[in-house]
Each structure stands twice: as structure tokens, then as C-alpha cells.
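Need coordinates for the below:
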Amino acid sequence: MLREQGESSPGTRHEEKQKVDDRLEVTGTDVASAPDNSGSQTAGDESDAEEMPESPEDVRESIKQKFLVEMPRDFYDFWEFCKSLNKHKPEDALYDTLGLRLVGPFDVLARKLTNSSVKKPDDFLRHWRYYYDPPEMQTVVRGDDETMYHLGYFRDDPNEMPVFVASNAVADGCQITKVAGNLFGALRKEISKALKDCTDTKARSALRKLNGALVEFAEEKRHSITEASKKRPAPQSATFHRAGLVVPVDKRTDVGYRPLPMSERQLKFMLTQISKCKENDAENMLSDDLQNLVTRVNIANDECDYGMGLEFGIDLFCFGDPRFHPTILMQTTLAYQLLNREAFARILKAHLRRRLKTADLSVLSSRGGRTP
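Numbers count the residues shown, from 1 in each chain. Sure thing, here's the model as predicted:
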């Protein structure tokens, strides 16, 4: 269950921000400025130099160590369901009927992804992380390579369990669509979609058989296939990806979030105009409007409305232009730190260092691509 809004007092958040500011001062980071560089890979940090730790024996702890978040109960039960369909390769159990494969943290259960199979800890955080996957989304199922459709858990806080299973198709943009409250409900919807488009008698029979097995297994494990979402506070903003943003807001003082000083349409227009500039045109790239917005975000941070900076960073991330990566790195990382969502900050850093718009995202392949 997510932390209740209003849990942190303004005084406590001021203390938290001072700690973050002290760290930034020590490292010489200016949160109000962006380096004059662009591209899909951002300058490295100390995390890439970390040595690989020993992997915990407990699989749940092993997954948390690698991906910095915990998986819910339905994740492990879903693996058992797929094992009942394909004992030797559960990760491929849904491929023949739906063209879906289990990936990401499931590769730990499949014993493919181990501490000896990667070079550094951040590789785990990039494993099957699609171009528009914010830190809040953890991909666990991949679809076709053409649209780069995939399913993943979406959570507002790395210290909490997911609030729903969501989907994204990279070819269609950054929109994240809520699918179901758990993987069993998500699979039920995938089967329903497939049945609508399927005319082959044999294929339809296989889909119905799969659906029957799914319903029976879900009922036995007490997972609702009709659950839309876990309990979640109303989002303060939809953000560009439409899945919503939730941050703690003090009920008495209304401190914690303030909206951006421009509409979504205005922000998209401004970012589009900047993107049209030549990459070496620093004067246009760092336009007065963008710098003014960064200043407003910093003022909001000073007044403990950390949600504004997070919304700004997420929107820049969703816009997708690599030239904004330095600004995203600074503003969004700071927001996550101020919100005590440090794991998301690390995930974002790792992703921006190697953010690829491709279907080949497995770190297990020598070419950085998908495993066969």
C-alpha cells in the first residue's frame, strides 16, 4: 500500500532537501544548469564503477538487489502458471499462442540473469528497459519487435508494490496504458484481444484452452482477473505518459505539489521548437522559456513542492529528445532524491547512459539485443 499523503511534514521535507543540497554541493552539481551536450548516452557516474556484489540466495532478495524494487505475489505465481504450461521454458509458454515472452526480472527466475552474466550492477537496471519506460515502470513481458509492445509493473514509489500492470508500444510513442491490477488480469485481456482478431479455428481453440487454464489457476491462487488497479491516491497530474504522477502532499498546508506554469500543449510546443534547432545552437537550445521553467522548478523545490520538478522531468523524458537528457538527469534525479525515491534516481541514471529505441534490449546478448 502506498504511503498516505501528508505523511511527511514540511519541516521534515526541508531537512531532507538540505541533505540532498549538501550532497550536490559536495559533488559540485548545479541543479539549475544543463551541460552543453546531447545524445542518447549521458556522462557516467560512480555507479558504473561498482563491483558486483554477491547474489542473495533468496530469489526475492536477489531480484530486489538487481532491479532495486520488489516483485508482488502475482509475479511469482504467474511464473508457476507458465511453468504449468511449459515446464522446461516457462518464459516461452505464451509465445506460440500470443507472441509474448517473459523477460526482465523473470530472467532471474529462469536462471539466465545472474551476477556473473553482466559486467556491472547498472546492467540489471537497463535489462529490457524500453525507450519510454520511466523508472516507475518495470517491463516483465515483451511482445513483437515491430511495435515494441510490452507489459510491465507500474509503481509510484520504489519502496511500495506496483499499483497496476501497464502497457506501452514504443512505435506509438510514450503513452502508458493501464491494463489490469495484476499479471493474470493482464493476460486475460491479451487473450481477449487475440480472440477478437483470430479467425483460425485451431488458434482460437488454443486461446480458449489457455484462458480456461488461466482462470482456474488464478482462482486457485486467489488473484482477481477483473481487478483494474491496486488502491492508489488520485494522481496530481497525468503527465505526458498519461499513467499519472503521485507524490505526498500535506493535507493541512497543501505542500508537496504545484502544477507547471504552462499547459501541456504549451510545453510540448516549446520543446518541439527547441528540438528543431541545430544541436550546436546553445542559445536557442537553452531558450529563455526553458531556463525560466527550470528556475520555477528550483523555486518549487525550495518551497518543498517537489512534485513539480518530477512532473517536469518526466515530461522531458517522455518527449524523447536526447538533447534534453542532461536536464532530465539533473532535475529528475534531484526530485527523486527529495521524495526519498533514490532507487528511481539510480534507474534513471542507468537508463539515460544507454537509452535505445530498439527492440533488442537484453543485456544477456553480446550484441545488446534480445536472447533467442
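
ok now the helix or strand harbouring L290, how far from the chain's centre?
Counting by DSSP states H and E, the element that carries L290 is helix 288-302. A distance of 25 Å separates the centroid of the chain from that of helix 288-302, by Cα atoms, centre = their mean, to the nearest Å.

Then stretch 110-121?
Computed by Cα atoms, centre = their mean, the chain-centroid distance of stretch 110-121 equals 20 Å.

avg pLDDT for it?
Average pLDDT, stretch 110-121: 93.

mind checking the end-to-end distance for that stretch?
19 Å (Cα to Cα, to the nearest Å).

Tell me the buried residues in it?
Buried residues in stretch 110-121, counted by 16 or more other Cβ atoms under 10 Å: 110, 113, 118, 120-121. All C-beta atoms are positioned from the backbone trio N, CA, C, and that covers glycine.

Serialize these to JSON lines and add fields for distance to D315 and secondary structure.
JSON lines is the format used below for the buried residues of stretch 110-121 (distance: Cβ to Cβ, whole Å; DSSP: H, G, I helix; E, B strand; the rest coil):
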{"residue": "A110", "distance to D315": "35", "secondary structure": "coil"}
{"residue": "L113", "distance to D315": "32", "secondary structure": "coil"}
{"residue": "V118", "distance to D315": "31", "secondary structure": "coil"}
{"residue": "K120", "distance to D315": "30", "secondary structure": "coil"}
{"residue": "P121", "distance to D315": "28", "secondary structure": "coil"}
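
Going by distance to E80, which of those residues wins?
Using Cβ to Cβ, A110 is the member of those that lies nearest E80, at 12.9 Å.

For the closest one, list the residues it contacts.
Contact analysis of A110 by Cβ atoms under 8 Å, 6 or more residues apart in numbering lists 89-91, 102.

Specify which member of those residues is nearest to C304.
Distance to C304, by Cβ to Cβ, is smallest for L102 among the contacts of A110, at 40.9 Å.

isn't that closest one right next to P90, touching?
Yes: counting by Cβ atoms under 8 Å, P90 is a contact partner of L102 at 6.9 Å.

Quick test: name the residue nearest the centre of this protein.
Relative to the mean C-alpha position of the chain, the nearest C-alpha, by Cα atoms, centre = their mean, is the one of M137, at 2.6 Å.

Please report the residue range of the longest helix in this structure.
helix 201-220 (DSSP state H).

what helices or strands is it leaning on?
helix 73-85, helix 95-98, helix 183-197 (3 or more Cβ pairs under 8 Å, 6 or more residues apart in numbering; DSSP states H and E).

can you rerun that using 6 Å?
helix 95-98, helix 183-197 (3 or more Cβ pairs under 6 Å, 6 or more residues apart in numbering; DSSP states H and E).

Work out the gap between the shortest one and the centre of the chain.
Computed by Cα atoms, centre = their mean, the separation of helix 95-98 from the middle of its chain amounts to 25 Å.

buried residues in that helix?
97-98.

Check the last one too.
For helix 183-197, the buried set under the neighbour-count rule, 16+ other Cβ under 10 Å, comprises 183-188, 190-191, 194.

what pLDDT does the spatially most distant residue from the centre of the chain get?
Most distant residue from the mean C-alpha position of the chain: T201, 37.9 Å away (Cα atoms, centre = their mean). Looking at T201, its pLDDT is 96.

before we move on, what about the one 4 residues further on?
The pLDDT attached to S205 in the predicted structure is 98.
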